[in-house]
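>>> Sequence first, then the predicted structure, then my questions.
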Amino acid sequence: MRLIKRAEKGLTLAAGGLHDVIQSVNKYKPNPSFTPKWSDKPLLKSWQKSKPTLGWPRTTDSLCPNCVIEARESILSGKQDVSVLINEKVGEIKAQIIERDGEVWMVKDCPIHGHFEDMMAIDVKFLTHIEKMFPGRDIDAHNDEKLHNHGTSTIKYGRGAVLTVDLTNRCNMMCDPCFMDANQVGFVHELSMEEIKEILDNAISIKPRRQMSVQFSGGEPSISPHFLESIKYARKVGYNSVQAATNGIEFAKSKEFCREAAAVGLRYVYLQFDGIGNDANSHRQVGNLFDVKMRAINNLHEAGVEIVLVTTLVNGINNDQVGSIIRFALDNPKKIAFLSFQPVSFTGRDEEITPQRRLQQRYTLSHLAHDVKDQVGITEPTRDWFPLSLMGAFADFADLVHGPQAEWGQVSCGCHPNCGVGTAVMVDKETREMRPVPEFLNVPGLVKDMQKITDAARGKWMSNLMMGLALLKHYNPYKSPSQFTLYELFKKFDKSFGLTGKDYGKVSGDRSTDDIEKRRADRWNFLFIAGMWFQDLFNYDFRRTEMCIIPYGTQEGEISFCAYNTGIGWRNIIENMHQNATVAKWYEEHGRHEIFARGKEVELSDKAHNMVLNPIDLSRPNKPEMEGPKTAHEEAVMMRKLYQDMVLKKQLDVKEADKPVQIQSLSRKKQEAPEAVLV
C-alpha cells in the first residue's frame, strides 16, 4: 500500500495542476443556468445566493417567552382566533446576538416581562468559523402559498430535506425532555390514512420539487394503526427515503414487525439513543432501555433497515456520553453509519423551565464540537466542523449533473448555519481503522472549487471530469486510512449523488434485499457526526425558521420544525383544532395501552445481541452530577411539595401525584381500527 499511496500522491499533484489550468479557462463565459422540471425558477449561481445577517453584534427578530405562552393560551381558550398568528407579529421582540467573554449570547427585553438571555456558544471562534463557511440560502420556495402561509413563521427558502409527519401524539414512554408533552395534553391527536395521504401528496406538489425524505414521528409512530401503510404510500409516490423517529420498543419486541416495515419501504430508523448502558438512559425512566436499544438495532439491521442514533444532549445529565456513543459507532461500523446529536431544546414538557435549571442544562453545538475533541481525541472544532448547509454545495453540483430533465431535485440541507453542524469519519468495516475525513480531504477547498465548476455549468461529463480533478487536488493519500484508495474516494462520491449512473444497489421504493446487500458490501463506512440544535423560546431567531429544512406536514400546511414545536406553539394549536377525542373519551372507548415509565422494564423475548460494547463506557466513570431537580417532572413535584409543606402544612402524596396518564393504542390491523371522530 505504501507504493500505492506514493503513486496516488503524485497523481493528486498532477491532477491539481491540470484542474487549475482548465479552471483558469473554464471560469470565463459561464453557461446560463437552466430551469429544471422540478422548479419554476433557474438554478442559482453561487454569487446569487442570499445570506441572512451573520456575525456579532447583530439584531434579529425573536420572541418573548411569556408573551408567547399568554397568546397561545388566549387562542386555545377561544378568546382570540388563530388568524392572529398570520396577520400580526404575536409576541415578537427584537434580540441582540453578542459576544461576551469569548462566548456568544442572545439578549432581549420585553416591555412587559423584562430581560431574557441565553447562551448560543461557549466558543466564539467556533461559531465564527461555522458562519464563515455558510454557502448561502437555497432557492426561494414558490408555488407554495397554500402550504406555507403562517405569517412570520412562514418558510421562505428552499424545499427542505426531511418532511416530518407526526402520526400520533400517543406514546409508550413518558420521556423528559419531550417536544410534544406526549400523553399529557389531555386529548388524542392521530392522523387518519386519508389525512396522511393528503399531507404527503401536498408536499410534492409545490416547487422546488426536491426528492425529500419523509420522517414519521410522534409520539411514538410505530403504535399508529397506519404506520406500515404510511411508509408504503410514501415510497409509492416517490419520496427518496422513508424514516421513522422511534424509541425502538416495538422494533425490539418483534423481528417480524421489523421485517414488515422493511418490506413496505422503511429505509432508516432514527433511534432515540441517549448513551451506553442502562444507567446512561436512566433519565428516560425505563428500567432496561439500553437492552431495548440493542435488540432494536439487531432486529432492524437484520431486516435491512439502516440505523441513525439520535441523542438528546442535556448538560449535567448525559453530556459525558458524546465520546461513548461515537466509540460505540466506531466499534460497530457495519450497523451504525450516522450519529445525530441534538442539544436540548427547552420546549414541550420543559417550556416553563426555571432559569436556574435552564442555564445549568443548556448545551450548544460548540459544546458538542469540544466534547468530541476532548472525549474522543479527534477533530478540531474550528477546522473540522462545518455547517450542515455546506452540503447544499454538493446538492447544487448534483442538480447540475442530473440536468434539466430531472423530475426531482437533490435533497438540499440549506438551513441557517446556527441550526446544524457536522463532521465525518471514514471507518474500515473490517479492521475498524478510522480517520476523520477533514484530515485527508480539504473540504473548504473542495467546496470552493466545486462551486466554480457548478457556476460554469459546462454539462454532465465535463463537470464530472472537473469534479474528479478537484477531488484529486484536495485529497491527501498519506493521511487517509491505510487501505483507503482513490478508487474508494470516487466510488463514495458517485454512490452518494448518482453522478455516473452506476448501479450500487437501488434506494427507490422497489429496492430488493439484493440492493440492500449490494450497498452494504462497501468496505468503508462514511460515519457522519451531526449536531442539530432546535430552538426554544429563549434563543428563538426568525432568520432560522424561514430557512427550515425539516418542515412539519400538518392538516394546516407545512410549518418550520421550530415554529411548530416552540415559537408561538403551532403544534398545540393545530393538534387541539384537529383532536380526535379527549383522553377521557379515548380511555372510555379504547381502554389503556402500556406505558413504560417510573423504571418499568420492557419485556423482551430475547435479550441477546452481537453489538461490541466498551466496558469502560458501560461503567460510566465520568458520570455528570447536577444539583437540584433535573426534569420538568421533578420541578413540578418539588413545587407541589413546597406548596403542601409551606402553605397547606401537610405532606404531599407523591405516589398519587406521580402516576402517568395511560391511553389505548389502536390495532395495527387496518380492519380493526375504529374510525376517528373529529371534535
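Everything's here; your move.
>>> What are the buried residues along the longest helix along the chain?
When the chain is parsed with DSSP state H, its longest helix is helix 2-26. Residues of helix 2-26 classed as buried by neighbour count (16 or more other CB atoms under 10 Å): 5, 8, 12, 15-16, 19, 22-23, 26. Backbone N, C-alpha and C define where each C-beta goes, glycine included.
>>> Kindly indicate which of those lies nearest Lys607.
Using CB to CB, Lys5 is the member of these that lies nearest Lys607, at 44.9 Å.
>>> Leaving out sequence neighbours, find the closest residue to that closest one.
With sequence-adjacent residues excluded and distances taken as CB to CB, 6 or more residues apart in numbering, Lys5 is closest to Pro477, at 4.6 Å.
>>> Count the residues that sit near that neighbour.
Other residues lying near Pro477 total 21 when counted by other CB atoms under 10 Å.
>>> Could you look up the SS state of it?
With DSSP: H, G, I helix; E, B strand; the rest coil as the basis, Pro477 sits in coil.
>>> if I read this right, it contacts Lys9, doesn't it?
Yes - in this structure, Pro477 is within contact of Lys9 by CB atoms under 8 Å, at 5.4 Å.
>>> who's in contact with stretch 541-550?
By CB atoms under 8 Å, 6 or more residues apart in numbering, the residues outside stretch 541-550 that reach it are 52-53, 60-62, 92, 95, 97, 106, 137-138, 152-158, 160-164, 388, 412-416, 418-419, 535, 560-563, 567.
>>> Could I have the CA atoms of it written out in CSV?
The C-alpha trace of stretch 541-550 is given here as CSV (Å, rounded to 0.1, in the frame of the first residue of the first chain):
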residue,chain,number,x,y,z
ASP,A,541,-34.5,33.5,15.8
PHE,A,542,-36.9,34.0,12.9
ARG,A,543,-33.9,34.1,10.4
ARG,A,544,-33.6,30.4,11.2
THR,A,545,-37.2,29.4,10.9
GLU,A,546,-37.7,30.9,7.5
MET,A,547,-34.9,28.7,6.2
CYS,A,548,-36.1,25.5,7.8
ILE,A,549,-35.2,22.2,6.1
ILE,A,550,-37.3,20.0,8.4
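>>> Report the buried residues of that stretch.
Buried, per 16+ other CB under 10 Å, within stretch 541-550: 541-550.
>>> In ChimeraX, select just the buried ones from the contacts of stretch 541-550.
The buried residues among those can be selected in ChimeraX (16+ other CB under 10 Å) with this line:
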select :52,60,61,62,92,95,97,106,137,138,152,153,154,155,157,158,160,161,162,163,164,388,412,413,414,415,416,418,419,535,560,561,562,563,567
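>>> What average pLDDT does the longest helix of the chain get?
For helix 2-26, mean pLDDT is 91.
>>> so what does that helix touch, helix or strand wise?
Judged by 3 or more CB pairs under 8 Å, 6 or more residues apart in numbering; DSSP states H and E, the packing partners of helix 2-26 are helix 443-456, helix 460-473.
>>> need the next SSE after that helix, C-terminal direction.
Note on helix 2-26: by DSSP states H and E, the next helix or strand toward the C-terminus is strand 58-63.
>>> Please tell me how far the most centrally placed residue in the chain sits from Lys29.
In the chain, the centroid-proximal residue (CA atoms, centre = their mean) is Met532; its distance is 5.8 Å. Using CB to CB, to the nearest Å, Met532 is found at 40 Å from Lys29.
>>> what about Gln356, neighbour count?
For Gln356, the neighbour count with other CB under 10 Å is 12.
>>> nope, Glu588 is what I was after
Glu588: 11 neighbours (other CB under 10 Å).
>>> Look up phi and psi at it.
phi -60, psi -40 (degrees, to the nearest 10).
>>> just Gly422 next, same as before
phi -160, psi 160.
>>> my guess is it meets Ile529, correct?
Yes - Gly422 lies in contact with Ile529 (CB under 8 Å); the separation is 6.4 Å.
>>> Which one's more surrounded, these two?
Ile529 (26 against 23).
>>> helix/strand/coil for the more buried one?
Following three-state DSSP, we place Ile529 in the strand state.
>>> what about the spatially closest residue to Pro629 that is not a sequence neighbour, distance to Phe538?
Once flanking residues are discounted, Pro629 sits nearest to Glu635: 4.4 Å by CB to CB, 6+ apart. Distance, Glu635 to Phe538, by CB to CB: 16 Å.
>>> more crowded one of these two?
Phe538 (24 against 19).
>>> isn't that one right up against Met120?
No - contact criterion CB under 8 Å: Phe538 and Met120 do not qualify, at 10.1 Å.
>>> Give the residues shared as contacts by those two.
Met106.
>>> okay, and for this structure, where does confidence drop off?
176-177, 179-184, 643, 646-679 (pLDDT under 70).
>>> how does it look with 80?
Along the chain, the parts satisfying pLDDT under 80 run over 1, 159, 174-186, 349, 499, 508-509, 583-584, 586-587, 590-593, 629-679.
>>> related to what we said a few turns ago, phi first, then psi, for the closest residue to the residue nearest to the centre of the chain other than its chain neighbours.
Among residues not flanking Met532 along the chain, Gly420 sits closest, at 4.5 Å (CB to CB, 6+ apart). Main-chain torsions, Gly420, degrees, to the nearest 10: phi -150, psi 150.
>>> show me the contacts for Gly420.
Residues counted as contacts of Gly420 (CB under 8 Å, 6+ apart) are 365, 387-389, 413, 530-533.
>>> Which of the buried residues of helix 2-26 sits closest to Gln375?
Using CB to CB, Lys5 is the member of these that sits closest to Gln375, with 30.3 Å.
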